[in-house]
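> next input, structure requested:
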Amino acid sequence: MTKCGIVTLAIVFFMSCALVRADERPALWLYYPTNLLPKDNVDRLEQLWRRAAADGYTKVLLADSKFSRLRELPRDYFDNCVRVKQIARELHIEIVPAEFPIGYSNDVLSQDPNLAEGLPVKDTPFVVHGGEARCQPDVRVELNKLAFKDDVVRVEAGVATVRDNPENARLVYKLMVPEFRGYHVSVQIQTRNYTGDPQIVPLAGGRTLNYQSIHVKRTQDWLRYDIVFDSLDNNEVLLYFGDWGAAKGTLQWKDWRIEEVGLLNVLRRSGTPCVVKAEDGKQYVEQKDYQRIEDPRMGNVPYAGEYEAWHDPPPIKTNLPEGTRLRVSWYYPPIVYDGQVAGCISDPKFKDLLADQSRRMKQLWGANGYMMSFDEFRCCNWDQSCQERRETPGQMLAESLRECTRLVGPQQAYVWNDMFDPYHNAVKGPYYLVNGAWLGSWEGLDQHVIVMNWNYGKRDQSLKIFADRGNRQVICGYYDNDLSQWKDWLRSAARVKGVVGYMYTTWQNNYDHLEEFAKLSRQRTED
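Numbers count the residues shown, from 1 in each chain. Here you go, the predicted model:
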């Protein structure tokens, strides 16, 4: 070989090595949730994406609640999507659309609110009066005698007052209850320049029975708040009215009440049977002995896919004789934090909605990859659909992930880490309102799925476990804090193989640190 040939081969070799190194550098991602229906939102999207592209961002995780309702949308929406794709092509940005809202399922449940996961209420007593049957408790549950209160709480004339609490400020009642009964708790709250976060919290059997946020304002006149909880398999419940942690200002509670609740948000589908029996166990027949049971507000107020924590439950309309005593069993969807409701991954109709979404998303976006939004799944394995499978929540979730991965194929599938991470939410539990353990959910994770990892608290263990399984990972950093945590992420990411991306992840639409995030990420990949 001539000297010139050797030099040429050397140049080609070093150029190819440089290209490989460039290809192996983690891509910069942008998490971008939006509503693509208003044209103004697309204008804002274009401005930010141009800014991101100028700083080296090449991938966007695009989320829109309307991705779950594509069959209902007007032509303008699809025209806007076409424009978004044109913007991405011009900027050399790859769009990865998010689909399959498992955990946060409200958007897909807007098509059928009855497909929510439900908690069981069993053998609640009803009595017929005037052609209607309503809940009539057989066990008296009242808030009369305090079991405990913190010293900082002063109770006078039926009003509990807290001023400048140094730590915890709680009132606690011990309740003796039947298993699997539903209870409505209400209280009025007033504040004056109060900096804490008051909550109503029922505890039993080593778990919290309700996670609903009540959102008390810093200063407000008396307002009533309502929660509903299920006693589940417990006969003793500790009911807390309080605040956990130091706070300044004044907090007051009054008129706290509890009542057993009737057919609130009753779910009607084959996997959540609603059963009406006589006291002797004889089962009555719907549409014969009583009219069809349904709650028209369930999953529809203020709009489809939203569930009210409390409203007056509907009665049972019936032609049964006056005074007839009934035992009624049903299921209802628990509400977590700010309205989160989970779908039932065991119900065939819910699976059909996911398959329909996948087909429509592929037609709309034609993307190279799709994000499977399995995330913070907080209620599972209570209804008949799940119970009949005789599997753990982890096994059911693993199969659901396999099913959704097949729907994405042959395109690249991505998924959040938390529900498949034994150092995050894939734990023995108790985990929120999940009946059983999420352990083993990771067995449904195909090696070719790319994991979007946001487990900052145990990042070293989390990164390693997915790397050892052969999954590539995108590090989802920033998270609306200063960039010191991102520096920690970068150090941890350098210790494992298969990190293919860094994502600027904001839940507050705060893009102030977009350029600095990119700069820090480039410095790490060039080191």
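
> without its sequence neighbours, what residue ends up closest to Tyr331?
Once flanking residues are discounted, Tyr331 sits nearest to Gly118: 3.0 Å by C-beta to C-beta, 6 or more residues apart in numbering. From N, CA and C alone the C-beta is placed, and that goes for glycine too.

> what's around the one you found, how many residues?
28 (other C-beta atoms under 10 Å).

> so who does it touch?
By C-beta atoms under 8 Å, 6 or more residues apart in numbering, Gly118 lies in contact with Leu267, Thr272, Tyr331, Tyr332, Pro333, Cys344, Trp382, Asp383.

> most neighbours, which of those?
Neighbour tally across these (other C-beta under 10 Å): the maximum, 31 neighbours, falls on Cys344.

> any idea how far that one is from Leu439?
Separation of Cys344 from Leu439 (C-beta to C-beta, to the nearest Å) stands at 20 Å.

> next one: Glu94
Using C-beta to C-beta, Glu94 is found at 34 Å from Leu439.

> now do Arg207
Arg207 is 17 Å from Leu439, by C-beta to C-beta.

> OK, contacts around the nearest residue to Lys362 once chain neighbours are set aside?
Distance criterion C-beta to C-beta, 6+ apart; nearest residue to Lys362, sequence neighbours excluded, is Gln411 at 7.6 Å. Going by C-beta under 8 Å, 6+ apart, Gln411 touches Lys362, Ala367, Asn368, Gly369, Tyr370.

> so the residue sitting nearest the centre point of the chain, which of the three states?
What sits nearest the mean C-alpha location of the chain, by C-alpha atoms, centre = their mean, is Tyr104, with 3.5 Å. Assigned by DSSP: H, G, I helix; E, B strand; the rest coil, the conformation of Tyr104 is coil.

> pretty sure it is touching Phe374, no?
No. Judged on C-beta atoms under 8 Å, Tyr104 makes no contact with Phe374 at a distance of 9.8 Å.

> filter the contacts of Gly118 down to just the ones in strands.
Counting by DSSP state E, the contacts of Gly118 place Tyr331, Tyr332 in strands.

> now, the most widely separated pair of the contacts of Gly118?
Distance extremes for the contacts of Gly118: the farthest pair is Tyr332 and Cys344 at 12.7 Å, using C-beta to C-beta.

> got the confidence number for Ser492?
In this prediction, Ser492 carries a pLDDT score of 96.

> got phi/psi on it?
Backbone torsions of Ser492, given as degrees, to the nearest 10, read phi -70, psi -40.

> once you drop chain neighbours, what's closest to it?
The shortest distance from Ser492 to any non-neighbouring residue, by C-beta to C-beta, 6+ apart, is to Arg459 (4.6 Å).

> do I have it right that the one you found meets Ala494?
No. With contact defined as C-beta under 8 Å, Arg459 does not count as touching Ala494 (11.6 Å).

> comparing the two, which shows the higher neighbour count?
Between Arg459 and Ala494, counted using other C-beta under 10 Å, the more crowded position is Arg459 (22 against 11).

> contacts only, for that one.
Residues counted as contacts of Arg459 (C-beta under 8 Å, 6+ apart) are Asn453, Asp488, Trp489, Ser492.

> the first one - how many residues pack around it?
Read it as Asn453. Neighbour tally, Asn453, other C-beta under 10 Å: 27.

> low-confidence ranges, the protein, go.
Low-confidence segments of the chain (pLDDT under 70): 1-24, 524-527.

> in it, which spans are helices?
For the chain, the helices defined by DSSP state H occupy 3-24, 39-54, 75-91, 106-109, 348-365, 384-387, 393-408, 459-469, 484-493, 514-526.

> mean neighbour count, those: which tops it?
helix 106-109 (a mean of 23; mean count of other C-beta atoms under 10 Å).

> packing partners of it?
Secondary-structure packing of helix 106-109 (3 or more C-beta pairs under 8 Å, 6 or more residues apart in numbering; DSSP states H and E): helix 348-365.

> domains of this protein?
25-113+341-526, 118-337 (automatic domain parsing).

> Leu70 and Gln357 touch, don't they?
Yes. Applying C-beta under 8 Å as the test, Leu70 and Gln357 come out as touching, 7.1 Å apart.
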